[in-house]
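Peer 1: Pasting the sequence and the predicted coordinates here, then a few questions.
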Amino acid sequence: MQGTNLSSLKRHPALIPLYIFVGAGMAGAFFYTLRLAFKNPDVTWNRVTNPEPQKEYAEKQYKFYSPVRDYSTYRAPVPKFDDEN
């Protein structure tokens with residue numbers, strides 16, 4: 001297939017921006033997934049030391065971007081969950 005190795009890519013320089021933007025998109029998706037895995041309050045990696053990670057974010061902004069609300073002055077009631085069913 002044309003453009004898959006360096007010598008054929010030199011003959012088809014129009015493919016270089018395609019590889020750059022696809023690579024940047026893949027890197028962005030990968031790092032955003034990592035950010036969600038480590039920063040999202042719904043995810044816990046160690047239940048022994050942190051059984052309820054959502055309590056850490058009771059008054060913090062964890063959204064990536066929020067144009068509507070200033071979370072430094074916003075105090076929403078935190079729901080209380082019971083483990084008993």
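Peer 2: Cool, got the structure.
Peer 1: nearest residue to residue 37 other than its sequence neighbours?
Peer 2: Setting aside the residues directly before and after it, residue 37 is nearest to residue 43 in space (C-beta to C-beta, 6 or more residues apart in numbering), at 5.9 Å. The way it works is simple: take the backbone N, C-alpha and C, and place the C-beta from them, glycine included.
Peer 1: does the one you found count as helix, strand or coil?
Peer 2: Here residue 43 is coil, with the state taken from DSSP: H, G, I helix; E, B strand; the rest coil.
Peer 1: for residue 25, same thing?
Peer 2: helix.
Peer 1: what residues are up against it?
Peer 2: Shown in contact with residue 25 (C-beta atoms under 8 Å, 6 or more residues apart in numbering): no residues.
Peer 1: Torsion angles phi and psi at the residue nearest to residue 37?
Peer 2: Main-chain torsions, residue 43, degrees, to the nearest 10: phi -110, psi 130.
Peer 1: residue ranges of the helices in this structure, please?
Peer 2: Here the chain has its helices, by DSSP state H, at 6-11, 16-39.
Peer 1: looking at those, which has the lowest confidence?
Peer 2: Of all those, the minimum mean pLDDT falls on helix 6-11 (a mean of 86).
Peer 1: Any buried residues in that one, and which?
Peer 2: Of all the residues in helix 6-11, not one is buried under the rule 16 or more other C-beta atoms under 10 Å.
Peer 1: Residues contacting it, please?
Peer 2: Helix 6-11 is contacted from outside by 2, 3, 15, 16, 19, using C-beta under 8 Å, 6+ apart.
Peer 1: so the third one makes contact with residue 5?
Peer 2: Spelled out, that is residue 15. No. Counting by C-beta atoms under 8 Å, residue 15 sits too far from residue 5 to count as a contact (11.4 Å).
Peer 1: Tell me which of these two has more neighbours.
Peer 2: Higher neighbour count among residue 15 and residue 5: residue 15, with 14 against 9, using other C-beta atoms under 10 Å.
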